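Peer 1: from the sequence below, what's the structure:
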Amino acid sequence: MKSTLPQRKVHIATFGCQMNEYDSDKMLEILNQENYQYTDEAGEADLILLNTCSVRDKAEQKVYSLLGRLRKLKQANPKLKIGVGGCVAQQEGQQILARERSVDLVFGTDNLFELPELLAEVAQGERIARTNRVAPRQKVRNFIPEEVSLSKGANLKAHLAITKGCNNFCSFCIVPMTRGLEVSREPENILQEARNLVAQGVREICLLGQNVNSYKANGVDFVELLRRMDKIEGLQRIRFTSPHPKDFREELAEEFAELPSLCEQLHLPLQSGSDRVLRRMRRWYTLEKYLEKVALYRRYVPQGTLSTDMIVGFPGETEEDFEQTLQAIQTVHYDQIFAFKYSPRPDTPAAAYSGQLPEDVKIERLSRLLELQEPIVKVKNKALIGSSQEVLVEGPYLKDPNRLNGRSRGYHSVAIANCAAEPGELVPVRITGAKTYLLEAEPLSK
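Peer 2: Just a heads-up that it's a prediction; the model follows:
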């Protein structure tokens with residue numbers, strides 16, 4: 001039941017990963033019950049929330065830069081309330097209030113479910129930092145609103161978190177400190193949220209978790225959850241991210257070929273091609289074991305796409321280590337690589353490692369990695385010319401409104417010419433052209 005409070009406007013700025021995007025949706029769903037409406041314009045808002053990320057240093061810097069710009073809005077409208085949530089809030093807590101006087105509220109990754117109570121205290125003139133509550137995540141993650149808002153209006157695709165936190169403790173990663181240990185949601189609750197999303201027009205759901213394929217609750221593991229998701233009427237596509245290689249087994253690989261709604265696309269983070277670096281990262285697999293997982297996936301879905309994460313410039317990474325990463329890329333031939341320079345995060349073991357590399361070395365190695373990957377993508381995309389693909393139409397192609405834009409099951413971006421389909425329709429197409437980050441197509445005759 002919605003609040004009888006007067007209608008107000010909220011602007012939410014989201015930084016970082018898909019989990020943060022999902023949490024921003026949860027914030028808005030909670031605030032909708034308090035009669036807040038979303039606005040794209042920060043200058044129109046009565047409440048501005050920053051949902052922050054501290055996985056990499058650059059995202060953290062962006063938060064403080066934005067807070068500096070928001071001071072002017074606060075000066076022009078003293079009634080404006082500004083809150084900071086997410087991982088930077090969990091990490092910094094009270095220090096954010098001390099550093100930036102325009103901030104009224106700092107709340108941790110679990111405390112977002114307390115937003116109505118926290119805002120009531122802020123309305124009384126309090127400045128609050130609430131990040132020390134150890135919430136029963138199984139309970140709070142089970143929040144389902146009366147209506148699904150999809151934050152900025154109707155959408156065809158949505159994220160759905162099935163786990164929170166992580167037990168892996170990779171030496172470079174701050175997630176266990178900011179998100180806590182891994183907890184899985186109850187399966188029926190996940191399925192109910194998925195059904196609600198489909199009822200609101202969602203046709204594709206991406207399941208989220210820091211280690212998504214380690215999901216297990218009430219006797220249901222990740223594979224069984226996928227099977228149950230596949231049975232939801234009206235749900236056309238399922239994706240998931242990010243799995244850990246150690247939990248990628250044959251039973252899961254087989255489901256790519258068995259479940260109609262499970263897209264033939266896998267994101268499998270490698271991080272480094274050097275076994276020595278992988279040990280220092282605490283990844284607990286070798287390149288050989290990782291390549292076995294890749295072969296397993298490709299045995300069941302030969303035409304499936306594969307993407308990965310890579311970190312360059314990890315402490316102690318030698319030129320030989322980096323060359324092994326480049327060799328791994330040439331061996332696997334990824335469809336997409338998300339590559340990042342290593343940045344030390346507070347309280348992580350790797351931040352104290354010897355052998356921290358200069359910034360210019362990291363930049364140079366990142367450039368070489370991307371230069372190697374680009375022609376691989378071009379060759380793989382060119383090989384798709386003439387093939388038939390199924391595209392979920394999302395809307396007009398921004399660079400050419402006479403064409404429609406969508407995604408293939410392999411997550412290629414596709415621009416379709418001579419097509420009158422509506423958003424949400426699945427259109428069979430023939431690929432007619434290929435660029436580095438775009439396929440061109442025409443609809444197949446029915």
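Peer 1: the stretch 51-200 of the chain: strands as residue ranges?
Peer 2: Taking DSSP state E, counting those that start in this stretch as the criterion, the stretch 51-200 of the chain contains strands spanning 81-85, 105-107, 128-130, 157-161, 163-164, 183-184.
Peer 1: just checking: what are the partner strands of the last one?
Peer 2: Read it as strand 183-184. Each strand that pairs with strand 183-184, with its direction, by DSSP bridges: strand 163-164 (antiparallel).
Peer 1: domain map for the chain?
Peer 2: Following automatic domain parsing, one finds the domains of the chain at 8-133, 153-376, 388-443.
Peer 1: so which bits of stretch 92-100 are buried?
Peer 2: Burial within stretch 92-100, assessed by neighbour count using 16 or more other CB atoms under 10 Å, is assigned to E92, G93, I96, L97, E100. For glycine as for every other residue, the C-beta is placed from the backbone atoms N, C-alpha and C.
Peer 1: Serialize those residues to CSV and add fields for distance to V429 and pLDDT.
Peer 2: Shown next, in CSV, are the buried residues of stretch 92-100 (distance: CB to CB, whole Å; pLDDT from 0 to 100):
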residue, distance to V429, pLDDT
E92, 48, 89
G93, 50, 89
I96, 48, 93
L97, 53, 94
E100, 49, 92
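Peer 1: tell me the one among those nearest to G273.
Peer 2: G273 has its nearest neighbour among the buried residues of stretch 92-100 in E92, at 34.2 Å by CB to CB.
Peer 1: give me the low-pLDDT residue ranges for the stretch 1-150 of the chain?
Peer 2: Residue ranges of the stretch 1-150 of the chain with pLDDT under 70: 1-5, 59, 132-150.
Peer 1: can you show me the helices along it?
Peer 2: 18-32, 57-76, 86-92, 94-99, 115-123, 137-140 (DSSP state H, counting those that start in this stretch).
Peer 1: so which of these comes closest to S307?
Peer 2: Smallest distance to S307 across the helices of the stretch 1-150 of the chain (CB to CB): 13.5 Å, for helix 18-32.
Peer 1: alpha carbons of that closest one, as PDB, please.
Peer 2: Backbone C-alpha positions of helix 18-32 (Å, rounded to 0.1, in the frame of the first residue of the first chain) are rendered in PDB as follows:
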ATOM      1  CA  GLN A  18      24.900  -5.100 -12.700                       C
ATOM      2  CA  MET A  19      24.400  -5.900  -9.000                       C
ATOM      3  CA  ASN A  20      24.400  -2.200  -8.300                       C
ATOM      4  CA  GLU A  21      21.900  -1.600 -11.100                       C
ATOM      5  CA  TYR A  22      19.700  -4.200  -9.600                       C
ATOM      6  CA  ASP A  23      20.000  -2.600  -6.100                       C
ATOM      7  CA  SER A  24      19.100   0.700  -7.600                       C
ATOM      8  CA  ASP A  25      15.900  -0.900  -8.900                       C
ATOM      9  CA  LYS A  26      15.200  -2.200  -5.400                       C
ATOM     10  CA  MET A  27      15.700   1.300  -4.000                       C
ATOM     11  CA  LEU A  28      13.200   2.800  -6.400                       C
ATOM     12  CA  GLU A  29      10.700   0.100  -5.700                       C
ATOM     13  CA  ILE A  30      10.900   0.800  -2.000                       C
ATOM     14  CA  LEU A  31      10.700   4.500  -2.600                       C
ATOM     15  CA  ASN A  32       7.700   4.100  -4.900                       C
END
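Peer 1: from the chain's centre, how far out does that helix sit?
Peer 2: Averaging C-alpha coordinates over helix 18-32 and over its chain gives two centres that are 13 Å apart (CA atoms, centre = their mean, to the nearest Å).
Peer 1: do stretch 372-386 as well
Peer 2: Averaged C-alpha coordinates place stretch 372-386 at 25 Å from its chain's average position (CA atoms, centre = their mean).
Peer 1: for stretch 414-426, same thing?
Peer 2: Shown here is stretch 414-426, whose average C-alpha point lies 26 Å from the average C-alpha point of the whole chain (CA atoms, centre = their mean).
Peer 1: list the buried ones in stretch 354-364?
Peer 2: By 16+ other CB under 10 Å, the buried positions in stretch 354-364 come out as Q356, L357, K362.
Peer 1: tell me where the model's unsure across the stretch 301-446 of the chain.
Peer 2: Residues of the stretch 301-446 of the chain that meet the cut-off, pLDDT under 70, sit at 446.
Peer 1: now the helices for the stretch 301-446 of the chain?
Peer 2: Ranges of helices in the stretch 301-446 of the chain, per DSSP H, counting those that start in this stretch, are 319-332, 359-382.
Peer 1: save the ones you listed as a markdown table, and put in distance to M19 too.
Peer 2: Below are the helices of the stretch 301-446 of the chain laid out as a markdown table (distance: least, CB to CB, whole Å):
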| stretch | distance to M19 |
| --- | --- |
| helix 319-332 | 26 |
| helix 359-382 | 24 |
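Peer 1: deepest of the ones you listed, which one?
Peer 2: A comparison of the helices of the stretch 301-446 of the chain by mean neighbour count, using mean count of other CB atoms under 10 Å, puts helix 319-332 on top with a mean of 17.
Peer 1: who are the packing partners of that one?
Peer 2: helix 287-300, strand 305-312, helix 359-382 (3 or more CB pairs under 8 Å, 6 or more residues apart in numbering; DSSP states H and E).
Peer 1: alpha carbons of it, as PDB, please.
Peer 2: Output of helix 319-332 as PDB, limited to C-alpha atoms (Å, rounded to 0.1, in the frame of the first residue of the first chain):
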ATOM      1  CA  GLU A 319      56.500  -9.600 -19.000                       C
ATOM      2  CA  GLU A 320      56.500 -13.400 -19.300                       C
ATOM      3  CA  ASP A 321      53.300 -13.600 -17.200                       C
ATOM      4  CA  PHE A 322      51.700 -11.000 -19.400                       C
ATOM      5  CA  GLU A 323      52.800 -12.900 -22.600                       C
ATOM      6  CA  GLN A 324      51.100 -16.000 -21.200                       C
ATOM      7  CA  THR A 325      47.800 -14.000 -20.900                       C
ATOM      8  CA  LEU A 326      48.200 -12.900 -24.500                       C
ATOM      9  CA  GLN A 327      48.800 -16.500 -25.600                       C
ATOM     10  CA  ALA A 328      45.600 -17.500 -23.700                       C
ATOM     11  CA  ILE A 329      43.600 -15.000 -25.600                       C
ATOM     12  CA  GLN A 330      45.000 -16.300 -28.900                       C
ATOM     13  CA  THR A 331      44.100 -19.900 -27.800                       C
ATOM     14  CA  VAL A 332      40.500 -19.200 -26.700                       C
END
